[in-house]
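1. 3D, please:
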Amino acid sequence: MMSSTARAIVYILCIGGLLACNALVVMVLWNQVLTSVITTDRALTFLEGAGITAFAYIGVFGARHALQVRRKAAPIEVKITSEQQVDSTMAPDYDVVTAGTSPAMHSACAQLSPDEKARLRETLAQQCGCTDRRTRDQRD
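-> Below is the predicted model:
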């Protein structure tokens, strides 16, 4: 087993090696391929190839991270079919739009009578297979 310092050094050398390889590929492609297509007297240096590689890395992975964050932050909409209409007496004054726990959901559930809570538990068990934690723990 290597120490954490040795692993960090190996990791940095591997990433540095990949950057150097990519910089070399960018430099060769630019100098050999693009100069034959586009007539230019300017040749790309190794450090410029490394800079282009670093900017591309930041751009690609920055955009990827931004898309992942946006997907996680998007609300999940609940689609209710005509067969699954919500009984208005089960959740009074609460419009079912998004899944999750919200203060409005907690206050609406807190106002339910014990009979309404039992009906809600039965409906959830039938519609989506949800079970009550308390009764499940008692059975186990």
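
2. can you count the residues close to residue 109?
-> If you count neighbours by other C-beta atoms under 10 Å, residue 109 ends up with 15. Using the backbone N, CA and C atoms, a C-beta is placed for each residue, glycine as well.

3. Quick check: what element follows the helix or strand that contains it along the chain?
-> For residue 109, the host element (DSSP states H and E) is helix 103-110. Sequence order places helix 114-128 as the next helix or strand after helix 103-110, per DSSP H and E.

4. low-confidence ranges in the protein?
-> Residue ranges of the chain with pLDDT under 70: 1, 74-101, 129-140.

5. How is it partitioned into domains?
-> 4-73, 82-139 (automatic domain parsing).

6. where's the first one relative to the chain centroid, distance-wise?
-> I take that to be domain 4-73. Offset of domain 4-73 from its chain centre (C-alpha atoms, centre = their mean, to the nearest Å): 24 Å.

7. one step back: ok, and for the helix holding residue 109, which residues are buried?
-> Buried residues in helix 103-110, counting neighbours by 16 or more other C-beta atoms under 10 Å, are found at residue 108.

8. send the alpha carbons of it over as PDB?
-> This file holds the C-alpha atoms of helix 103-110, laid out as PDB (Å, rounded to 0.1, in the frame of the first residue of the first chain):
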ATOM      1  CA  PRO A 103     -43.800  22.800   4.600                       C
ATOM      2  CA  ALA A 104     -47.200  22.900   2.900                       C
ATOM      3  CA  MET A 105     -47.300  19.100   2.700                       C
ATOM      4  CA  HIS A 106     -46.400  18.700   6.400                       C
ATOM      5  CA  SER A 107     -49.000  21.300   7.500                       C
ATOM      6  CA  ALA A 108     -51.700  19.600   5.300                       C
ATOM      7  CA  CYS A 109     -50.900  16.200   6.700                       C
ATOM      8  CA  ALA A 110     -50.800  17.500  10.300                       C
END
